[in-house]
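> Structure here, sequence nowhere to be found:
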């Protein structure tokens, strides 16, 4: 029986061997040798092992060179082979020969069973590292393959020795081609070890691989427990058992996630994790094609990619000179594809993808390939503003890349050498440009930026084709990509044509739009958007109803699930006055939508039954709501406005169902950086102890400032929008001016009160900061109505604005400025434009939709000569959207009906100031000028309007014809006609004016005959 002193020394040796304190092991081994021969054998074994391990830790070796093609997949016929390298060995090492001789000297000494076991395992390790595999197998061939229950000499380290001898046996069997036997040994060793030791502590990394050490230079050549776990999975895959291999590979990776230091075996884990993602990908593809991946599989895929980016950050923390980032680029491409494969489209899933891409941007120092994916993902998340910044950075980097290519080719380099793996292809540039063009046109509303992106893409691709004219290295772009560019370029020209006030400029834009859209249709006949936008431009820009109908029908044939083309077909039918056909089109289109059942329940159920659950996305709901409004407008034309008013509560209930989540959403969730910072995305797929999470945690903390560390940091939200992102989501915002009546004269209840009772409650849109304006329609504060009072001349009111600003002075303080703003009747809110995100766009659409709904109600009341109720409905519309020029114009027309010309003039001036292209306001302004007796002013306004964006408005042409006719009738005859003067010559001016008036009237009638029930512009994206 061993003494207490001896037991204490053995425990210290056991602990030191487990953690790799080999210098301590050598000093303690000398104490054991004093206890006789058995102690001499154990001491020699322990000292030899300590010297061996210290020597191995001092070796300089490169894991990337050794495992460069580890886990690569080779497809040979029907078989799939995975490359697996053996551990690194050191043949012909004098040091190892010396250790071998020292051990063999004590081989003939008497030993206990435990001493013999440890001696043989250590000697086998020496043989193994020396590439002497036959002596290695012979040394450990007779050892037991089961783990010992108790050990006197090394209670803890004996388990590591057991793993060493089992792993060496398995590797030798692999070399002999006996993979099944090797897998059985690995499986038995892993199971036995996990029974004795917890899975979290199964792998112990000795000292020398601490985080401060240079990666790989002091990493031990073989960690036996890690090797057994890894090779077990590889043997299953090599034997064709993909299910078991994938499961065992997942177990290996999860176990390694908890290893300290986290940099241990980083490169091999990179390779293993990439193989694991490939196996997951194959499993998802092998499932039913139409079924989406389960939540568990989706979580595994996302966790594997988070692990991969964390390992990439560990291994490529500071890349070497001229080192490419192929690993990071490959991971970015794989992540984007896998997110689509498993349909990870939930918001939290997209934020995780966005986090990975931001990390890849930092690792690659703003690689264009990663920024390309970043643009797409930001658009899907809904942060359009940041997507535009990423697109600007992408453009700048591609231009730099082109300059580098030009210089290299000018220097005599071959195109095949210049166009490397990190060079963006023509196809990728054009695809990204098409996405960016749509971003600027549809989501940001900037036609000029849309054209700028397309021109950039064309210039870059032309330059790249000039460098490689035969397309040997840079293939030409596909026709369907060129069609998309032509599509959005044509749509941008169409948008500019509608906004242009110059007739020649409008004609040029319209002609370019038709030509480009027709080109897109020819290049890609199956492109839905090309046919739809061609039909829209034919309807809006040319009023060619037959051509627009043909293009819209083709768009419906290509994709009947999208409502825009159906809606356009219905409006075109109303332009032909075929209301029955238009109503049928609306019904067919609405019934195939996900929102039809919800709307049908609203129509059939009681008005106070509550709002049904949201069946589809907000975007499809918005399209459905607009189509439902058109359907109601057609119903009013066919059956009268009384029926329309009876059905209005259904539209209000539908509005609450569609836009309720938008109105009630928290501020700023589509701000990607802030969302990632606030979401605190957990790495739930990784171990709970968080041993692998520091890099991800630091990444989460830095995501909110990610822009500041990239090239596009110069574009800040503060500079672009007048305030920081924090201000954008702050609750302490200035409120909108409230349209409240004077306390002395309380306003009587609205006649609409009884009408609106019983309908589903419409959620009130939250107040948000608005631009400062000095428009009279905002002046509703307690009893001060001088701005819109008939007693105050309009000219005097507008003249007073410049005097007030002049008295304030350029250097007036905040108090003086507030006084001026209050005197002008504007709100005291700051000038602020919300950051362009999906939520801000949806909220803007919510206000527009609610305003349009109230205006449709007001129009019905006007048609029924219920003017007081119409006025109340218009007030509700302005309460929903105070900046609506359509509401202001309708209120102006209502004032005209009540013979209140000066208030009408104020309303029209305010509407035109808000939106100069508002045709209804411009026509109303000219009409008031005519009624006030200023026909020359009205005539000039109408001529400018009909030459510009009001060319297709029948009311503008009607009033122009009326004024021309009156002026012709009042045209004076020649004062002193000579006897020889021809009477026809004297009447020529008045006759010319009468002919123009007749032409204008005929044209107005033609336009009225082709006027849809709602303007085609409601479909403009």
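Now that the structure is in, tell me what you want to look at. Values in this document were obtained by computation on a predicted structure and should not be read as measured data. Numbers count the residues shown, from 1 in each chain.
> from memory residue 166 sits against residue 185, does it?
Yes: applying Cβ atoms under 8 Å as the test, residue 166 and residue 185 come out as touching, 5.5 Å apart. For glycine as for every other residue, the C-beta is placed from the backbone atoms N, C-alpha and C.
> joint contacts of the two?
Contact with both residue 166 and residue 185 is made by residues residue 145, according to Cβ atoms under 8 Å, 6 or more residues apart in numbering.
> Buried residues in the host helix or strand of residue 407, which are they?
Assigning secondary structure by DSSP states H and E places residue 407 in helix 384-410. Using 16 or more other Cβ atoms under 10 Å as the test for burial, helix 384-410 gives 384-398, 401-402, 405, 408-409.
> helices or strands up against that helix?
helix 368-381, helix 415-418, helix 426-438, helix 447-467 (3 or more Cβ pairs under 8 Å, 6 or more residues apart in numbering; DSSP states H and E).
> Could you tell me the angle between that helix and helix 447-467?
20 degrees (axes from the mean of the first three to the mean of the last three Cα atoms, to 10 degrees).
> Measure how helix 384-410 sits relative to helix 368-381, angle-wise.
Going by the same axes, to 10 degrees, helix 384-410 makes 160 degrees with helix 368-381.
> Give the rounded mean pLDDT of helix 384-410.
Helix 384-410 shows a mean pLDDT of 88.
> how distant is that helix from the center of its chain?
Counting by Cα atoms, centre = their mean, to the nearest Å, helix 384-410 is centred 20 Å from the centre of its parent chain.
> what residues does stretch 544-555 touch?
With Cβ under 8 Å, 6+ apart as the criterion, stretch 544-555 contacts 521, 528, 531-532, 534-536, 538-539, 562, 564-565, 568-569, 572, 575-576, 1010.
> Of these, select the buried ones using a ChimeraX command.
In ChimeraX syntax, the buried subset of the contacts of stretch 544-555 is picked out as below (16+ other Cβ under 10 Å):
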select :521,528,531,532,534,535,536,538,539,562,564,565,568,569,572,575,1010
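> Could you list which of the contacts of stretch 544-555 belong to strands?
In strands, judged by DSSP state E, none of the contacts of stretch 544-555 are found.
> Okay, and which of the contacts of stretch 544-555 map to helices?
Those of the contacts of stretch 544-555 mapping onto helices are 521, 528, 531-532, 534-536, 564-565, 568-569, 572, 575, per DSSP state H.
> Next up, identify which helix or strand the nearest residue to residue 307 once chain neighbours are set aside is on.
Sequence neighbours aside, residue 273 is the residue nearest to residue 307 in space, at 5.6 Å (criterion: Cβ to Cβ, 6 or more residues apart in numbering). Assigned by DSSP H and E, residue 273 belongs to helix 266-286.
> and that helix, average pLDDT?
Taken as a whole, helix 266-286 has a mean pLDDT of 91.
> what comes up buried for stretch 650-667?
Buried, per 16+ other Cβ under 10 Å, within stretch 650-667: 650-660, 662-663, 667.
> What's the local residue count around residue 462?
Neighbourhood size, residue 462 [other Cβ atoms under 10 Å]: 10.
> quick one, what contacts it?
Residue 462 neighbours (Cβ under 8 Å, 6+ apart): none.
> Give the next helix or strand downstream of the helix or strand hosting residue 862.
Remark: residue 862 resides in helix 838-863, with elements defined by DSSP H and E. Once helix 838-863 ends, the next helix or strand along the chain (criterion: DSSP H and E) is helix 867-880.
> counting contacts, what elements does that following helix pack onto?
Judged by 3+ Cβ pairs under 8 Å, 6+ apart, the packing partners of helix 867-880 are helix 838-863, helix 885-897.
> so which of those gets nearest residue 111?
helix 838-863 (74.9 Å; Cβ to Cβ).
> who does the closest one touch, helix- and strand-wise?
Looks like helix 838-863 contacts helix 618-639, helix 641-663, helix 867-880, helix 885-897 (3+ Cβ pairs under 8 Å, 6+ apart).
> Now do the SS call for residue 264.
coil (DSSP: H, G, I helix; E, B strand; the rest coil).
> Number the residues from 29 up from this point.
In the new numbering, first residue 29, that becomes residue 292.
> so the residue nearest to it when sequence neighbours are not counted, which of the three states?
Of all residues not flanking residue 292 in the chain, residue 233 sits nearest, at 4.9 Å (Cβ to Cβ, 6+ apart). The local conformation at residue 233, judged by three-state DSSP, is coil.
> Can you give me the buried ones in the helix holding residue 301?
Neighbour count says helix 294-314 has 294-309, 311-312 buried, by 16+ other Cβ under 10 Å.
> now the angle from the helix or strand just after that helix to helix 294-314?
Where DSSP H and E defines the elements, the next helix or strand beyond helix 294-314 is helix 323-343. Interaxial angle, helix 323-343 versus helix 294-314 (the same axes, to 10 degrees): 160 degrees.
> ok, and for the helix or strand just after helix 323-343, which residues are buried?
Sequence-wise, the next helix or strand downstream of helix 323-343 (DSSP H and E) is helix 354-369. With burial defined by 16+ other Cβ under 10 Å, the residues of helix 354-369 counted as buried are 355, 356, 357, 359, 360, 362, 363, 364, 366, 367, 369.
> Check the fourth one and give its pLDDT.
The predicted local distance difference test score for residue 359 is 92.
> before we move on, what about the second one?
The per-residue pLDDT reported for residue 356 equals 89.
> contacting residues around it?
340, 344, 388, 391, 392, 395, 398.
> one more time with 6 Å
340, 388, 391, 392 (Cβ atoms under 6 Å, 6 or more residues apart in numbering).
> What's the separation between the first one and residue 603?
Residue 340 sits 58 Å away from residue 603, taking Cβ to Cβ, to the nearest Å as the criterion.
> quick one, the helix holding residue 435 and helix 866-891 angle?
Using the same axes, to 10 degrees: helix 412-438 against helix 866-891 is 130 degrees.
> Now the helix holding residue 890: buried residues?
866-871, 873-890.
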